[in-house]
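# Quick one, structure for this:
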Amino acid sequence: MRNNKSKVSWVKRLTTAALYVLLFSTVAVVVDAFRNSDVPESVPAELSSLTDINGEQFNLREMSKDGPVVLYFWATWCPVCPAVSPTVDYAGHYYPTISVGLRSGSNEKLTQYAQAKGYEFPIVNDNLNRISSGWQVSATPTIIIIKNGDIVSATTGVTTPPGLIIRLWFHQFFK
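Residues are numbered from 1 along each chain as shown. Now for the predicted structure:
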């Protein structure tokens, strides 16, 4: 008798957990859709070329012809970014990744911050919000995935390593 109660208890717990995951996932998708509703459908022509703090140039349209590219908007003052940046940095080992530092100070300050955190992704300094405004990005962190010059995914807030890698993998092979 006790064994059956134990099984029922575990089934009930797993069902409850699955419902919570479904609820939180639904809320996250709706919030992302609302926050990113203004993000353009494709790479804006005037913003397709970016120059990082080391002077290296990146053409997002060209880069995204070979597969998905991560465009990551973040800031040194963002309380959530330290939880997301390591995931983006890890993804950058497997997929082209460009980051845009919003209102975070001089190139030197961004360089020091990235070195202290161990980030290896290229950083474009957007101290005057020109790039983020052009992309209609209003919250940090925001991760945009670009493929063939089109925006195929945009998410704002906390992103888990599996969530980002699965999205990149999906867009590499299926879209």
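# okay, now Thr111: neighbour count?
14 (other Cβ atoms under 10 Å). Any C-beta I mention is one placed from the backbone N, CA and C, and that applies to glycine too.
# Would you check that it makes contact with Thr76?
No: in terms of Cβ atoms under 8 Å, Thr111 does not count as a neighbour of Thr76; the distance is 11.3 Å.
# How is Leu128 assigned, secondary-structure-wise?
Under DSSP: H, G, I helix; E, B strand; the rest coil, Leu128 falls in the coil class.
# For it, give me the pLDDT.
pLDDT for Leu128: 92.
# ok, it to Tyr113 distance?
18 Å (Cβ to Cβ, to the nearest Å).
# before we move on, what about Val69?
Going from Val69 to Tyr113 by Cβ to Cβ gives 23 Å.
# Between the two, tell me which one has more neighbours.
Val69 (26 against 17).
# All the strands of the chain, in order from the start?
With DSSP state E as the criterion, the chain has strands at 49-51, 57-59, 69-74, 97-102, 123-126, 142-147, 150-156.
# Among these, single out whichever gets nearest to Leu14.
For Leu14, the closest of the strands of the chain is strand 150-156, at 27.1 Å, according to Cβ to Cβ.
# buried set for that closest one?
151-156 (16 or more other Cβ atoms under 10 Å).
# Which of those residues sits closest to Val88?
Set against Val88, the nearest of the buried residues of strand 150-156 by Cβ to Cβ is Thr155 (11.3 Å).
# gap between the residue nearest in space to the middle of the chain and Tyr119?
With distances taken as Cα atoms, centre = their mean, Ile143 lies nearest the centre of the chain, 2.3 Å away. Plainly put, Ile143 is 14 Å away from Tyr119 if you go by Cβ to Cβ.
# Below-threshold pLDDT in this protein: ranges please.
By pLDDT under 70, the low-scoring segments of the chain are 1-8, 20-40, 175.
# how about the helices in it?
Remark: helices assigned in the chain by DSSP state H are 2-35, 60-63, 81-91, 107-117, 130-134, 161-173.
# List the buried residues of the last one.
Of the residues in helix 161-173, those scored as buried under the neighbour-count criterion (16+ other Cβ under 10 Å) are 164-165, 167-168, 171.
# Please apply the same query to stretch 98-105.
Buried residues in stretch 98-105, defined by neighbour count with 16+ other Cβ under 10 Å: 98-102, 104.
# Out of the residues you listed, the closest to Gly134 would be?
Val100 (10.4 Å).
# my guess is the closest one meets Asp126, correct?
Yes: counting by Cβ under 8 Å, Asp126 is a contact partner of Val100 at 5.0 Å.
# and for the two, which residues touch both?
By Cβ atoms under 8 Å, 6 or more residues apart in numbering, Val100 and Asp126 have these common neighbours: 73, 132.
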